Every structure is written in C-alpha cells, then in structure tokens.
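Participant: this one's sequence-less:
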C-alpha cells in the first residue's frame, strides 16, 4: 500500500513542483503525464499531472484550472536542523506569498507550509511544564521561527 498526498493547482504546476523539489533534499520529480481525454477541466492533453517526492513523502499534483483554493486544513511541515535551513526555505517559499504567525506561511500558489526547527519538538515535549509554557509563549511572538530565542526561553 502506498499513501500519496494529492494537490490541485489552478495553474503554474510545473513552476511549483520545480521550486518544491529544488528546496528539499532527497526530492525529485517521478513522472509527468496529462489526462488524454476531454474532461470537465479541459480538452484532452490540457490537464497536467506530476508525481513527485519531497524528502520521503509522495505527492501527486494536477493542474486543472480553478476549483477549491488551498487552505490551512492542509499544510506541509518541514522540520529543519539549523537556522540556516529555516532561513533558506522561509525566504524561498515566502516570495510572492504571505508570512504568518508561528512559522506558517503561504507560498505564491496558496499552499500552506510550516517551517520549524526540529529542536522545537523536543522543547515542546520537555518534562517540565514551565519550560513548555515559556517556549510556547516565545513561539507565539514569532513569525519566522528562530531557534536561539526558543532555546533561551527554555532555559528561563
């Protein structure tokens, strides 16, 4: 059994997939095809389909005109090992999109991303509730997450 996330793009599918796969190590485009029959989204050959990998996750995307826009009920979370990784991904994905609170942003296609330090998971699972509270309170003041202030909050 294989599980694959499926994304519906109104337009610019190729540009989106090229950007995503260029940013995440271990990513790549698996295959490209088109729907070769007339369908509600267009004439035969006009609806594009791309299968790709982001890291160890499988995705399929379709470019088939407007339907429902992306929203926060689906996001891609990327846990980064360094602030440099956070900064690199944040800067690339926010271009043409919108930044949001607590490490969230929407890219230029409207897809939601959470760019977070891997260390945050450990800090949020600390056995000391006071540490978790301080880290959470600090995180709530941030847009792009910054590891050093989160670590400082954990130490008190």
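Facilitator: Perfect, I can see it now. Quantities reported herein were computed from a predicted structural model and do not represent experimental measurements.

Participant: in the chain, which spans are strands?
Facilitator: 5-9, 28-34, 48-54, 57-63, 75-80, 98-99, 104-106, 112-117 (DSSP state E).

Participant: Let's have the ones you listed in JSON lines, adding mean pLDDT.
Facilitator: Below are the strands of the chain laid out as JSON lines (pLDDT from 0 to 100):
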{"stretch": "strand 5-9", "mean pLDDT": "96"}
{"stretch": "strand 28-34", "mean pLDDT": "96"}
{"stretch": "strand 48-54", "mean pLDDT": "98"}
{"stretch": "strand 57-63", "mean pLDDT": "97"}
{"stretch": "strand 75-80", "mean pLDDT": "97"}
{"stretch": "strand 98-99", "mean pLDDT": "98"}
{"stretch": "strand 104-106", "mean pLDDT": "98"}
{"stretch": "strand 112-117", "mean pLDDT": "98"}
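
Participant: Reformat the ones you listed into CSV and put distance to residue 127 and mean neighbour count next to each item.
Facilitator: C-beta here means a position set from N, CA and C on the backbone, and glycine is covered the same way. Below are these laid out as CSV (distance: least, CB to CB, whole Å; neighbours: other CB atoms under 10 Å):
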stretch, distance to residue 127, mean neighbour count
strand 5-9, 33, 17
strand 28-34, 40, 12
strand 48-54, 33, 19
strand 57-63, 30, 18
strand 75-80, 21, 17
strand 98-99, 32, 13
strand 104-106, 27, 20
strand 112-117, 19, 21
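
Participant: Out of the ones you listed, which gets nearest to residue 155?
Facilitator: Comparison of the strands of the chain against residue 155 by CB to CB identifies strand 112-117 as nearest, at 15.4 Å.

Participant: List the strands paired with the closest one, with their directions.
Facilitator: If you go by DSSP bridges, strand 112-117 pairs up with strand 75-80 (parallel), strand 104-106 (antiparallel).
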